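K.L.:
Test case, fold it:
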Amino acid sequence: MDNCLFCKIIAGEIPSTKVYEDEDVFAFRDINPQAPVHILVVPKAHIPCADALDETNSRAVAKCFEAIAKIAKAEGLQDGYRVINNCGADGGQTVMHLHFHLLGGVKLGEKMI
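P.N.:
Model (predicted):
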């Protein structure tokens, strides 16, 4: 956790463009956006990836999705948006801290890759 990029962003050690924060969730704009709106939503608790979820920490996912709904509304994504989670190296995860990509602001295609 000491070397976790997202933990450092949450702690304010690395600057970010914060769009949302509560006691459980931190959200900030992606530095390499793939859509007009591209926000990373992360639990403040360090959970490496979806594979690490269990009955002791799964509440973090619910809190993230509650935040996603609020953020989407605040960002004006009334016509829809996409939420993506990458798990593990083969799934495309590059930062080993559970996070969700909120993408929108344009009509997204049906094809994922």
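K.L.:
Could I get the full set of helices for the protein?
P.N.:
5-10, 59-74 (DSSP state H).
K.L.:
Most tightly packed of the ones you listed?
P.N.:
Burial of the helices of the chain is given as mean neighbour count (mean count of other Cβ atoms under 10 Å); helix 5-10 ranks first at a mean of 18. Where you see a C-beta, it was placed from the backbone N, CA and C, and this is true even at glycine.
K.L.:
average model confidence for that helix?
P.N.:
Averaged over helix 5-10, pLDDT sits at 97.
K.L.:
Can you tell me what sits against it?
P.N.:
Residues from elsewhere that reach helix 5-10 (Cβ atoms under 8 Å, 6 or more residues apart in numbering): 1, 14-16, 26, 28, 40, 42, 44, 46, 95, 97, 99.
K.L.:
Which strand residues bridge the residue nearest the centre of the chain?
P.N.:
Residue closest to the mean C-alpha point of the chain, counted by Cα atoms, centre = their mean, is Val41 at 2.5 Å. For Val41, the beta-bridge partners are Ala27, Phe100 (DSSP bridges).
K.L.:
Tell me where the protein is predicted with low confidence.
P.N.:
Along the chain, segments meeting pLDDT under 70 span 1, 113.
K.L.:
re earlier: can you say which of the contacts of helix 5-10 are buried?
P.N.:
Buried subset of the contacts of helix 5-10 (neighbour count, 16 or more other Cβ atoms under 10 Å): Ser16, Phe26, Phe28, Leu40, Val42, Lys44, His46, Val95, His97, His99.
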